[in-house]
Every structure is written in structure tokens, then in C-alpha cells.
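1. just to be clear, the model below is a prediction. Sequence and coordinates:
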Amino acid sequence: MNNYKELRVWQSSVDFAVTTYKATEELPTDERFGLTSQIRRSVVSISSNIAEGAGRNTSGEFNQFLGIAYGSTCELETQLIIANRLKFLNNDSFGELEMEIDRIQKMIYNLKKSISR
């Protein structure tokens, strides 16, 4: 349906995944299979669902996968809040990641809105 690689929201979410992976290097090594893994799976899910939805046959299916990608941003934000409250992630890193989540959420929302027209 769409060439997902041309979508700014997909490009931004891939870049964000790389940034988030680097930020999770700050987390304790004993969290490798816990919170670190959850955060990484959530951030990868954002761009993956955008890509999968773009490859579907209808705009309705694409819209559904964008909703799943949006849900992954909420899941990720929750995990980052927990990491920050546990002092695994410093306030500066957390603030930057949170701002990028907000930006990506707005992009997903606007794309969903444009598809629904």
C-alpha cells in the first residue's frame, strides 16, 4: 500500500529505537532480561507496526497497525517512567526520550487522521 521507508514517522521511530537502545545501556546489567528487554521490544514495535501496516492491503488495516504502534509508544513511556523512578535512567535522558515519544505520538495521530479521511 505505502512505501513505509518514505514515511517520516517510520524514519523517526527507527532513529528513536537506536537512541533508546543507547539510553538503555545506562540500566543495570541485572535488568538486561527485565526492564531493558521490555523497553527495547516496545521501541522496536513502534517502527515495526508502522511498516507492517503500510504493507497491508487496505487503509483500515494500516490504521489499525498505526493504533498498535501508538499503543507501543504508551507502553514504552510507562517503562521509561518506571526506569526513571528507579533511578536507572537519569532525568536528562528520560526527558529527551519523553519529548521524542510525544513527537512520534503526534506524527502517528496525524497520519491516522489523514488515512481516515
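-> Sure, I can see it.

2. quick check on Thr58: phi, psi?
-> phi -130, psi 160 (degrees, to the nearest 10).

3. tell me how far it lies from Ile115.
-> The gap separating Thr58 from Ile115 is 10 Å, by C-beta to C-beta, to the nearest Å. From N, CA and C alone the C-beta is placed, and that goes for glycine too.

4. how close does Asn75 get to Ile68?
-> Let me fix one detail, which is that residue 75 is Glu and not Asn. As judged by C-beta to C-beta, Glu75 and Ile68 stand 10 Å apart.

5. pretty sure Ser116 is touching Gln64, no?
-> No: the pair Ser116 and Gln64 does not pass the contact test of C-beta atoms under 8 Å, sitting 11.4 Å apart.

6. specify which residue of those two has the higher count of neighbours.
-> Remark: of Ser116 and Gln64, Gln64 carries more neighbours, 15 against 10, as counted by other C-beta atoms under 10 Å.
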